[in-house]
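Colleague: Next come a sequence and a model predicted from it.
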Amino acid sequence: MRRVVITGIGCVTPVGTGVEELWAGLQARRSAVREISRFDPAPFRSRIAAEIPDFRPQDHLDAKQVRRFDRFSQLGVTAARLALDDAALDAARADHDRVGVMMGSALGGVAHAEHEATVFHRDGLRAVDANLALTVFGGAVSCNIAIAFGFTGPNATNGMSCASGTVALGDGLRAIQRGDADVMLAGGAEAPLAPLCFGAFALIRAMSTRNDDPATASRPFDAERDGFVMGEGAAVLVLEARERAVARGARIYAELLGYALTNDAHHMTAPKPGGREAARAMALALRDAGVPPSAVGYVNAHGSSTPLNDSMETAALKQVFGDHAARLAVSGTKGYYGHPLGASGAIEAAITALALARAWLPPTLNLQTPDAACDLDYLPREGRAARPEVALSNSFGFGGVNASLVLRRA
């Protein structure tokens, strides 16, 4: 099977838009979590989120796209455009049959549907967005990316909850390895910040209620963590057959070595105690990559800031890495940008690739109080200058989905 490398990164996040803004935001070591401004959060126990404060779709998309796309697709197509630019790939000159798109999203266009349902009940059907049926289905984002750039290769959007972006990257890896494509745009997009979407998670008490101090609310692996913080965003990575990337002199961030996917088959929200299936996803990804656990130097953890998930992930890491777990550098980066659900895995894979390329590992923000059940080296406060050879990026989602990627420094 062919080797696959990452040659472009496009991102629209609460921390920043584009590679350099994202990286500067990470190095600034500040959380983007604030009180919600998009709607009135007063009815909910949690009133905080990580919003993108300054995204103007007209700065990245033409007028027709702005009019026809909902926010979920606006974010995704913008991230794809940024990724192509970053990879120095001219979409017009590409062999369109050999370029595909794999995306992930937990909720797709549900937030837009929620808004239009309100319009319908208030003003009737004729007032509803005429493009509603074309915007709300999950596959809209990958199809809109394909249409925007003319890519006719493999195309799909998965809806595997908070692991969706990682699953999309794994599917993109497989498409190139099998020879189905030479280039894949892969990632995730999520725009869930609407009252009903937000309220649904509030109902199951999954989110932090640290409303008086939003910047410290997302605190992966901290003993006082009380739930995740919802976010929004998108990230798209350009995956490319290595021989093609080398032949055109592309800048390579990292090599994508392996991927695996398992399921707890246990519960829709709670991870399986002990983390067996999460550990198996990591172990299978390492086997797929052909590297031993001892070769891994850094893990970008799922680190959702929920009581059960973070302790489970710690236990799973110990199962996979044994004594080497104590020597791993691990960070959970959701303290910066909350949890953008299906986009989080793609954002975190992008961060992992940048960490390998730029020899700096971002910290776990807000990790202030050690938890006896989370006792690994989580890089609190400052991050670390380091040059690990191999890194792991984890995503775990509702429904018991466990997905892991293995990356190697270029």
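Modeller: Sure thing, it's come through.
Colleague: only C-alpha atoms for contact and neighbour calcs from this point on.
Modeller: Will do.
Colleague: Pretty sure residue 104 sits against residue 341.
Modeller: No - applying CA atoms under 8 Å, one finds residue 104 not in contact with residue 341, separated by 9.6 Å.
Colleague: quick one: common contacting residues for those two?
Modeller: Contact with both residue 104 and residue 341 is made by residues residue 164, according to CA atoms under 8 Å, 6 or more residues apart in numbering.
Colleague: mind checking the SS state of the spatially most central residue of the chain?
Modeller: The centroid of the chain falls nearest to residue 344 when counting by CA atoms, centre = their mean (2.2 Å). Following DSSP: H, G, I helix; E, B strand; the rest coil, residue 344 is assigned to helix.
Colleague: For residue 390, grab the count of nearby residues.
Modeller: 25 (other CA atoms under 10 Å).
Colleague: same deal with the one 4 residues further on?
Modeller: Burial of residue 394, expressed as a neighbour count using other CA under 10 Å, amounts to 24.
Colleague: how about the strands of this protein, start to end?
Modeller: Secondary structure of the chain (DSSP state E): strands at 4-12, 34-35, 48-49, 99-104, 155-158, 183-190, 233-241, 254-263, 296-300, 329-331, 360-361, 384-385, 390-397, 401-409.
Colleague: Now distance to residue 149 too, for the ones you listed, in a markdown table please.
Modeller: Below are the strands of the chain laid out as a markdown table (distance: least, CA to CA, whole Å):
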| stretch | distance to residue 149 |
| --- | --- |
| strand 4-12 | 15 |
| strand 34-35 | 35 |
| strand 48-49 | 32 |
| strand 99-104 | 10 |
| strand 155-158 | 13 |
| strand 183-190 | 11 |
| strand 233-241 | 14 |
| strand 254-263 | 24 |
| strand 296-300 | 31 |
| strand 329-331 | 35 |
| strand 360-361 | 34 |
| strand 384-385 | 38 |
| strand 390-397 | 29 |
| strand 401-409 | 27 |
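Colleague: Please identify the deepest-packed of the ones you listed.
Modeller: Most buried of those by mean neighbour count (mean count of other CA atoms under 10 Å) is strand 183-190; its value is a mean of 35.
Colleague: and it, what does it pack onto?
Modeller: helix 71-86, strand 99-104, helix 164-177, strand 233-241, helix 344-358 (3 or more CA pairs under 8 Å, 6 or more residues apart in numbering; DSSP states H and E).
Colleague: which residues are in contact with the second one?
Modeller: In this structure, residues lying in contact with strand 99-104 by CA under 8 Å, 6+ apart are 141-142, 145-146, 151-160, 164-169, 171-172, 181-189, 342-343.
Colleague: List the neighbouring strands of that strand plus their orientation.
Modeller: Taking DSSP bridges as the criterion, strand 99-104 forms sheet pairs with strand 155-158 (parallel), strand 183-190 (parallel).
Colleague: Using TSV, please lay out those strands together with distance to residue 255 and mean pLDDT.
Modeller: Below are the strands paired with strand 99-104 laid out as TSV (distance: least, CA to CA, whole Å; pLDDT from 0 to 100):
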stretch	distance to residue 255	mean pLDDT
strand 155-158	22	98
strand 183-190	14	98
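Colleague: Any idea which of these gets closest to residue 49?
Modeller: strand 183-190 (13.2 Å; CA to CA).
Colleague: starting at the chain centroid, how far to that closest one?
Modeller: Relative to the chain's own centre, strand 183-190 is displaced by 10 Å; criterion: CA atoms, centre = their mean, to the nearest Å.
Colleague: Using PDB, write out every CA atom in it.
Modeller: Extracted as PDB, the C-alpha positions of strand 183-190 are listed here (Å, rounded to 0.1, in the frame of the first residue of the first chain):
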ATOM      1  CA  VAL A 183      -5.300  13.100  -3.100                       C
ATOM      2  CA  MET A 184      -8.000  13.200  -0.400                       C
ATOM      3  CA  LEU A 185      -9.400  16.200   1.400                       C
ATOM      4  CA  ALA A 186     -10.400  14.900   4.800                       C
ATOM      5  CA  GLY A 187     -11.600  16.400   8.000                       C
ATOM      6  CA  GLY A 188     -14.700  17.500   9.900                       C
ATOM      7  CA  ALA A 189     -17.100  20.400  10.300                       C
ATOM      8  CA  GLU A 190     -19.500  21.300  13.000                       C
END
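Colleague: so residue 161 sits right up against residue 167, yeah?
Modeller: No - Residue 161 lies out of contact with residue 167 (CA under 8 Å); the separation is 9.9 Å.
Colleague: Same drill for these two, tell me which one is more crowded.
Modeller: residue 167 (34 against 22).
Colleague: OK, contacts around the more buried one?
Modeller: Neighbouring residues of residue 167 by CA under 8 Å, 6+ apart: 104, 158, 160, 261, 403.
Colleague: could you check the distance from the fourth one over to residue 160?
Modeller: What it means is residue 261. With distances taken as CA to CA, to the nearest Å, residue 261 is found 11 Å from residue 160.
Colleague: Now list whatever residues contact both of the two.
Modeller: Taking CA under 8 Å, 6+ apart as the contact rule, the neighbours common to residue 261 and residue 160 are 167, 401.
Colleague: So which residues make contact with stretch 284-293?
Modeller: Residues from elsewhere that reach stretch 284-293 (CA under 8 Å, 6+ apart): 257-260, 283, 320-321, 324, 404-406.
Colleague: again, only this time at 7 Å
Modeller: Outside stretch 284-293, the residues that touch it by CA atoms under 7 Å, 6 or more residues apart in numbering are 257-260, 321, 404-406.
Colleague: Ends of it, what's the gap?
Modeller: One end of stretch 284-293 sits 11 Å from the other (CA to CA).
Colleague: Okay, buried residues for stretch 323-343 please.
Modeller: Using 16 or more other CA atoms under 10 Å as the test for burial, stretch 323-343 gives 325, 328-343.
Colleague: Endpoints of it, how far apart?
Modeller: One end of stretch 323-343 to the other measures 32 Å (CA to CA).
Colleague: With stretch 218-238 instead?
Modeller: Terminal-residue distance, stretch 218-238 (CA to CA): 29 Å.
Colleague: before we move on, what about stretch 133-142?
Modeller: Taking CA to CA, stretch 133-142 runs 15 Å from one end to the other.
Colleague: Tell me the spacing between residue 240 and residue 179.
Modeller: Distance of residue 240 to residue 179, computed by CA to CA: 11 Å.
Colleague: Would you mind giving me the confidence score for the nearest residue to residue 373 once chain neighbours are set aside?
Modeller: Residue nearest to residue 373 in three dimensions, not counting chain neighbours: residue 311, with 5.6 Å by CA to CA, 6 or more residues apart in numbering. pLDDT, residue 311: 97.
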